[in-house]
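>>> Below are the sequence and a predicted model; questions follow.
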Amino acid sequence: MSSEEKIECQITVQPQGWQYQMGFSSTILESALMSGIKLPSSCRNGTCRACLCKLVSGNVRYTIDWPGLSMEEKQEGWILPCVAVPLESLTLEVPLAMLLFEN
Ligand code: FES
């Protein structure tokens, strides 16, 4: 999230219950990192699917035309956070998420 980006929505990461706020222009992966949460990732361009996770609630848009998801996966709520930008507050299921810094 850039320093000019206005905070617009809240992201909740389950099952940990971690929360962070972000605007509507960064990807979920980028903003999580800026908030000290490391989500699984590799390519960061929507092809490898390392970041694949379940969207429990909310809606996203994609920064690329063809993210590496089937229509069925999209309908089941799977998203790719490296190329997904929130349209509203979200809850994600990411059991492998880690904190970058311990409190
Ligand atoms: S990190 Fe490769 S698809 Fe998201």
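Now that the structure is in, tell me what you want to look at.

>>> near the ligand, which residues of this protein show up?
Residues of the chain lying close to the ligand (CB under 6 Å from any ligand atom) are 41-44, 46-51, 68, 80, 82. (Each C-beta comes from the backbone N, C-alpha and C, glycine too.)

>>> are any of those buried, and which?
Taking 16 or more other CB atoms under 10 Å as the criterion, what is buried in those is Ser41, Arg44, Gly46, Arg49, Cys51, Leu80, Cys82.

>>> Do I have it right that the fourth one meets Gly68?
Read it as Arg49. Yes: here Arg49 reaches Gly68: they are 5.4 Å apart, a contact under CB atoms under 8 Å.

>>> shared neighbours of those two, anything?
Both Arg49 and Gly68 are contacted by Leu80, under the criterion CB atoms under 8 Å, 6 or more residues apart in numbering.

>>> Do a quick rundown of the helices in this protein.
28-34, 71-76 (DSSP state H).

>>> Out of the ones you listed, which is the most enclosed?
Most buried of the helices of the chain by mean neighbour count (mean count of other CB atoms under 10 Å) is helix 28-34; its value is a mean of 22.

>>> so where's this structure shaky on pLDDT?
Within the chain, the stretches with pLDDT under 70 are 1-5, 103.

>>> let's see it at 90
For the chain, applying pLDDT under 90 flags the ranges 1-7, 101-103.

>>> Once you drop chain neighbours, what's closest to Trp66?
Among residues not flanking Trp66 along the chain, Gly46 sits closest, at 7.8 Å (CB to CB, 6 or more residues apart in numbering).

>>> before we move on, the earlier item: so, if you compare the buried ones among the residues of the chain next to the ligand, which one comes nearest to Met22?
Cys82 (14.2 Å; CB to CB).

>>> What separation do you get for Ser26 and the ligand?
According to CB to the nearest ligand atom, to the nearest Å, Ser26 stands 14 Å off from the ligand.

>>> What number of residues are in the vicinity of that residue?
By other CB atoms under 10 Å, 18 other residues sit near Ser26.

>>> With Gln10 instead?
15.
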